[in-house]
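Trainee: Sequence isn't available, so here's the structure alone:
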């Protein structure tokens, strides 16, 4: 069993650790989409991923548990932004959209631009050739809906 690593210094973890967390969330949600979404088994198994020790565990747990809890609501909102059938999306694109939409809705301390940029980077690493462009377009629509106040301040 891999021991838990926690940040006890009180300092924020570097961006690369947060990106690793987002990548692990994407992998976990992907697994939930293509298999049965057994959240406890997914959380147990992800601890064996070599990147888990380099991630922000509390961030990972917050997002993956939040997506699981709000899965149907997030799914319905994603559908409203699509210009194609939901079933045509790849599980990787869906996993990135679920995790990023969750952050846009519930992690208001993370600027929307950071959420979108991180999603684009994860999509470039794991998604199809131009998947990141699709992700960017959908998340911009979601930000306009979920972060109106923040968007109005940045203009």
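Mentor: Done, it's in. Keep in mind it's a predicted model, so treat the numbers as computed, not measured. Numbers count the residues shown, from 1 in each chain.
Trainee: contact partners of stretch 116-126?
Mentor: The contact list for stretch 116-126 (Cβ atoms under 8 Å, 6 or more residues apart in numbering) reads 18-19, 22-23, 26, 92-93, 96-97, 99-100, 131-132, 135-136, 139-140, 143. In this view, the C-beta of every residue, glycine as well, is placed from N, C-alpha and C.
Trainee: run the last query once more with 10 Å
Mentor: 15, 18-19, 21-23, 25-27, 30, 90, 92-93, 95-97, 99-101, 103-104, 110-111, 127, 130-136, 138-140, 142-143 (Cβ atoms under 10 Å, 6 or more residues apart in numbering).
Trainee: Mind listing what's buried along it?
Mentor: 116, 118, 119, 120, 122, 123, 126 (16 or more other Cβ atoms under 10 Å).
Trainee: For this structure, which segments are assigned as helices?
Mentor: Using DSSP state H, the helices found in the chain span residues 15-34, 39-46, 57-69, 71-81, 91-106, 112-126, 131-146, 148-153.
Trainee: Now flag whichever of the buried residues of stretch 116-126 is closest to residue 154.
Mentor: Set against residue 154, the nearest of the buried residues of stretch 116-126 by Cβ to Cβ is residue 116 (12.2 Å).
Trainee: measure the closest one to residue 101 for me?
Mentor: Residue 116 sits 11 Å away from residue 101, taking Cβ to Cβ, to the nearest Å as the criterion.
Trainee: What is the burial count for residue 103?
Mentor: Number of residues near residue 103 (other Cβ atoms under 10 Å) recorded here: 28.
Trainee: cool, and residue 73?
Mentor: Other residues lying near residue 73 total 12 when counted by other Cβ under 10 Å.
Trainee: Enumerate every residue touching it.
Mentor: 101, 102, 105.
Trainee: ok, now how distant is it from residue 67?
Mentor: Plainly put, residue 73 is 10 Å away from residue 67 if you go by Cβ to Cβ.
Trainee: Look up phi and psi at residue 128.
Mentor: For residue 128, the backbone dihedrals are phi -70, psi 180 (criterion: degrees, to the nearest 10).
Trainee: scratch that, residue 111 is what I was asking about
Mentor: The phi/psi pair for residue 111 (degrees, to the nearest 10) is phi -60, psi 140.
Trainee: and it, how far is that from residue 130?
Mentor: Distance, residue 111 to residue 130, using Cβ to Cβ: 25 Å.
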